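J.: Need coordinates for the following:
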Amino acid sequence: MQTKIKNPTCTAINEIKLKDRRLIYKLVLFPSDNTIAVVKSKQCSPAEHDGFIFVQSGRKKFTGIPLEQGTFLECSQAAGRLTKKTVSPEIESDYERNNEENPPKRQKN
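T.: Have a look, this model is predicted:
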C-alpha cells in the first residue's frame, strides 16, 4: 500500500523560504583572551573538543565556545549582558558595543 504525500501549500513554501533567508548568528566566547564576538553561524565549524567550535575570520581560525545561537538581535542582547567582557579586536564581530540594536554589518562583495 502506497501512502500519498500531500503537496505543500504556498504558505508552507513561503515559510521555508523565509527561514532559509533568516541568518543565524552565534555569540562566541574565546577562552584564549576571554573575549566575545557575534558571528554568522556559517563562519563556525565543529572543533575536536566537545563544546568547542572553530570560527573562521579572514584567513585565521579561532577556537571558541558558543554561548548563544539565534537571530542577530538575540545574540546582540546576550552580548549586551556580557558587556564587562572585551569584544575581540582580532575577530570581526557583527556586534558593536553601545548600540545593541545596530543592524548586521554588510559584507563587501
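J.: Look at Gln56 and tell me its secondary structure.
T.: Reduced to three states with DSSP: H, G, I helix; E, B strand; the rest coil, the structure at Gln56 is strand.
J.: how deep is the nearest residue to it once chain neighbours are set aside tucked in, by neighbour count?
T.: Distance criterion Cβ to Cβ, 6 or more residues apart in numbering; nearest residue to Gln56, sequence neighbours excluded, is Gln43 at 5.0 Å. The way it works is simple: take the backbone N, C-alpha and C, and place the C-beta from them, glycine included. Counted with other Cβ atoms under 10 Å, residues neighbouring Gln43 total 20.
J.: Can you verify my assumption that Gln43 contacts Ser57?
T.: Yes: counting by Cβ atoms under 8 Å, Ser57 is a contact partner of Gln43 at 7.0 Å.
J.: show me where the chain has strands.
T.: Along the chain, counting by DSSP state E, strands occupy 25-30, 35-40, 44-46, 53-57, 60-70, 86-87.
J.: Let me know which of those strands is the nearest to Ser93.
T.: strand 35-40 (3.8 Å; Cβ to Cβ).
J.: Alright, calling it a day.
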